[in-house]
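Enquirer: no sequence on this one, just coordinates:
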């Protein structure tokens, strides 16, 4: 009995005072690296900041004043729901050691078995890793909010986002990051160009098509009510992205430093080029343009941040501004699709662009980290193209089915009167700004 009590006391004190630990085959207890663990916990906070409040303010400033509060509530509700799903079953289906190349198992239901364990090949505890990955599971469905602002019914938003997280985000995470079948084929997605931005961007385009245009689009001018809030939100996203990409190194080392440097230079180049394009095409460089360009650069550099050099990151940033700016005009101007806050053109196109071109800029001759043994630029490019295409098609089909099924239970859109009144009052009974 005394031995049991002493054992329990030692184990409890180890959990409180030491990093996460795991019992190995010979019975010793390897310790997680405290510096790496501290960085991952910090990075988790930075990525959560990207959604709350970064994305909320970035998107909120872009809508009309009567809909600002609704964007904040949607971002908060999606973040909360995605967190619950991730802890209950999402992490287990994405990352459990058993299962198959398409989906995991329920082994880590409710984070069971993570406390006191270390994932193979990592230096941080499994619980810290699960927390970090949860913040990615939060921001990905939240990105889609930009496609349906000002007209989607709140109940539909919540139900759709929950099912989408479980049926789109979780499986794709397994395929790419959970040692799934795409990982086995050698696909590279350092921090989410495929898992986050391709899934969310393509899904946003499908939702915008299903939901239809806002009243008055495209003839009525729908100006952002607060560019200042949008720039502030973009700033929070930019800083938070250091955790997004730098944390994906899963250690406090040169790989993390390199990813952060590439993230920063990619965003800087894209923001400057976007301003230049605006100055040439419309005569003025705008605050919203600066913010949008920076986010386009951040989305584009994400999948490549850990495998390319600063020169490649700068070129990707320049390309991000040019190509994403062009796609904004294509989607809204030529196709007349009301992807209200340009989720597909910025996040989707950016993520796809970076996911494909990393195969080029990863070359050591161009300052990158090089290729795996037996792989060259051409073969890596083919793997990236296949993965992006498969994930894009899967995301589109799954989103179409989820959106349709949910709409049979909860209508997708608010009424015309509610849309004209604004979602702040009609959906939530409150106003963001009391100007009386």
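Expert: Yes, it's here. Quantities reported herein were computed from a predicted structural model and do not represent experimental measurements.
Enquirer: quick check: the closest residue to residue 310 other than its chain neighbours vs residue 312, distance?
Expert: In space, and not counting its chain neighbours, residue 310 is closest to residue 265: 5.4 Å by CB to CB, 6 or more residues apart in numbering. For the C-beta atoms, the positions are set from N, CA and C on the backbone; glycine is no exception. Using CB to CB, to the nearest Å, residue 265 is found at 10 Å from residue 312.
Enquirer: neighbour count for those two, which is higher?
Expert: residue 312 (24 against 20; other CB atoms under 10 Å).
Enquirer: residues contacting that one?
Expert: 262, 304, 360, 361, 362, 366, 367, 368 (CB atoms under 8 Å, 6 or more residues apart in numbering).
Enquirer: ok, the residues you listed vs residue 346, which is closest?
Expert: Nearest to residue 346 out of the contacts of residue 312 is residue 304 (CB to CB; 16.6 Å).
Enquirer: so how far is residue 347 from that closest one?
Expert: Distance from residue 304 to residue 347, by CB to CB: 15 Å.
Enquirer: mind checking the SS state of the residue nearest to residue 310?
Expert: helix (DSSP: H, G, I helix; E, B strand; the rest coil).
Enquirer: is it correct that it is in contact with residue 309?
Expert: No: counting by CB atoms under 8 Å, no contact exists between residue 265 and residue 309, whose distance comes to 9.9 Å.
Enquirer: I'd like to know how far residue 90 sits from residue 133.
Expert: Counting by CB to CB, the gap from residue 90 to residue 133 is 9 Å.
Enquirer: so residue 186 makes contact with residue 376?
Expert: No: with contacts counted by CB under 8 Å, residue 186 stays clear of residue 376, the gap being 11.4 Å.
Enquirer: more crowded one of the two?
Expert: residue 186 (16 against 12).
Enquirer: who's in contact with the more buried one?
Expert: Per CB under 8 Å, 6+ apart, neighbours of residue 186: 372, 375, 380, 383.
Enquirer: report how many residues lie close to the last one.
Expert: Residue 383 is surrounded by 17 other residues when neighbours are defined as other CB under 10 Å.
Enquirer: next one: the second one
Expert: Burial measure for residue 375: 16 neighbouring residues, criterion other CB under 10 Å.
Enquirer: next up, identify which helix or strand residue 203 is on.
Expert: helix 199-211 (DSSP states H and E).
Enquirer: what's that helix packed up against?
Expert: Using 3 or more CB pairs under 8 Å, 6 or more residues apart in numbering; DSSP states H and E, the elements in contact with helix 199-211 are helix 126-143, helix 145-148, helix 349-361, helix 377-409.
Enquirer: tell me which of the ones you listed lies nearest to residue 168.
Expert: helix 377-409 (4.9 Å).
Enquirer: just how off-centre is that closest one within its chain?
Expert: Centroid separation for helix 377-409 versus its chain: 15 Å, with CA atoms, centre = their mean, to the nearest Å.
Enquirer: buried stuff in it?
Expert: Within helix 377-409, the residues scored as buried using 16 or more other CB atoms under 10 Å are 377, 380-381, 383-384, 387-388, 390-392, 394-396, 398-399, 402-403, 406-407.
Enquirer: now swap in stretch 239-256 and tell me
Expert: Quick answer for stretch 239-256 (16+ other CB under 10 Å): 240-252, 255-256.
Enquirer: contacts for that stretch?
Expert: Stretch 239-256 has contacts (CB under 8 Å, 6+ apart) with 33, 35-36, 38-40, 42-50, 54, 122-124, 129, 132, 136, 190-192, 257, 259-260, 262-264, 267, 298, 301-302, 305-306.
Enquirer: report the separation between residue 44 and residue 51.
Expert: From residue 44 over to residue 51 the distance is 12 Å, taken as CB to CB.
Enquirer: helices and strands of this structure: which one has the lowest mean pLDDT?
Expert: helix 2-17 (a mean of 36; mean pLDDT, DSSP states H and E).
Enquirer: after that helix, next one along is what?
Expert: Using DSSP H and E, the first helix or strand after helix 2-17 is helix 34-49.
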